[in-house]
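K.L.:
3D, please:
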Amino acid sequence: MLSRVPALAALLAAALAGLLGGCAGEDLSRSNFERTTVPAEPGSGEGDVPTGPITDPAVSASALRMVNPCALLSAEPVADFERVVEPTELEWGACRTEVRDAGGKTLVLSLQLGESLVVAEQATAAVEGLPLVENRTDDETCFVTAVTSRGPSMGVGLQVQYAGGEPCGQGIAVLGAVVRSLRADPPTYSAEPGSLLPVEPCESVPTATVTDVLGEEATRQAAGLHACQFQSGSSTVHVRFRTGYPPDPADGTKIDIGGVTAVREPGATDTAECDVSWRHRAVAEGSDEIVSVSYYGYGEDTTKDDACVAATEFAKSVVAALPSR
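P.N.:
Numbers count the residues shown, from 1 in each chain. Prediction:
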């Protein structure tokens, strides 16, 4: 089985879906992330959209990486509600919970720290001094995001499902409480020595490797808190840190990347795709720290063998740059 990007989007909403067919990584440059939305009512946030630079250290990527989202959703943001189920962590920085309002109506809340599907230019108001992007998908579901970065666009996103209630209004209220908590004393993960949790993935590949594989015009851009996309022309490399089960050697070929055993797996489609994945640190069943390097080549002359050579070269550079386990 290919080591795919978890279906967090499917857990949050179909609008965030984006599982790849064939190969493990997520090619953000080729995926369609459009949501079918109804424009939010104007003025539902806190006034005009802030226009200045976003420099609040409390919502920087480095700070958000360390915040425990489920502990956050167990505290002040939902203090006025009755808990229905315990919060469930979907992946680093993402959590889902259910609460009940005073009238007995259930709210399903899905929080994503480092939401990368937001378009900062679509902000229509403000929430706690940050640009607010608000998208209603139907009468019961709303996505609200506090933009924390414009380059690249990133934010703290909340999906609210609220049958019989006003999902956008309630979502903005909860999101505002989340931002206030982030600025106060947010609950954090306890990062063990050697953990990938605090690592900036865009800094995990030396410029020389990026240039060698993708050329001098290659760009790198964060794709959330724990992933980075490197792109040039018709080629893309996606580097992602996550938790989960280690890759199964039966799904590909075991290779050595600088003293670390990885599994290399060509894509199953006609596209030149290849994934190299390995376990960085053993933690617990289903919770090991995993690294995936995925290459996508869309040039007519690029083969799957070329893709695997490129993915392997990238992977060797990544493993050498990561903290010791």
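K.L.:
Next up, the contacts around the residue nearest the centre of the chain.
P.N.:
Nearest residue to the geometric centre of the chain (C-alpha atoms, centre = their mean): residue 224, 4.0 Å. Taking C-beta atoms under 8 Å, 6 or more residues apart in numbering, we find residue 224 in contact with 93, 114-116, 154. For every residue, glycine as well, the C-beta is placed using N, CA and C.
K.L.:
rerun at 6 Å
P.N.:
For residue 224, the contact set (C-beta atoms under 6 Å, 6 or more residues apart in numbering) comprises 114, 116.
K.L.:
Same question for residue 243.
P.N.:
Residue 243 neighbours (C-beta under 6 Å, 6+ apart): residue 287.
K.L.:
Just the buried positions in stretch 144-155, please.
P.N.:
Buried residues in stretch 144-155, counting neighbours by 16 or more other C-beta atoms under 10 Å, are found at 144-149, 152-155.
K.L.:
typo on my end, stretch 287-296
P.N.:
For stretch 287-296, burial by neighbour count (16+ other C-beta under 10 Å) applies to 288-296.
K.L.:
could you dump the buried residues of stretch 144-155 to JSON lines with distance to residue 320?
P.N.:
Converted to JSON lines, the buried residues of stretch 144-155 look like this (distance: C-beta to C-beta, whole Å):
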{"residue": "144", "distance to residue 320": "40"}
{"residue": "145", "distance to residue 320": "35"}
{"residue": "146", "distance to residue 320": "36"}
{"residue": "147", "distance to residue 320": "34"}
{"residue": "148", "distance to residue 320": "30"}
{"residue": "149", "distance to residue 320": "28"}
{"residue": "152", "distance to residue 320": "26"}
{"residue": "153", "distance to residue 320": "30"}
{"residue": "154", "distance to residue 320": "27"}
{"residue": "155", "distance to residue 320": "32"}
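K.L.:
Among these, give me the pair with the biggest separation.
P.N.:
Using C-beta to C-beta, the buried residues of stretch 144-155 span at most 19.3 Å, a distance reached by 144 and 152.
K.L.:
Quick one: the buried residues of stretch 287-296 as CSV, columns for pLDDT, secondary structure and distance to residue 120 too.
P.N.:
Listed next are the buried residues of stretch 287-296 as CSV, based on pLDDT from 0 to 100; DSSP: H, G, I helix; E, B strand; the rest coil; distance: C-beta to C-beta, whole Å:
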residue, pLDDT, secondary structure, distance to residue 120
288, 96, strand, 34
289, 97, strand, 30
290, 98, strand, 30
291, 98, strand, 29
292, 98, strand, 27
293, 98, strand, 28
294, 97, strand, 26
295, 97, strand, 28
296, 96, strand, 25
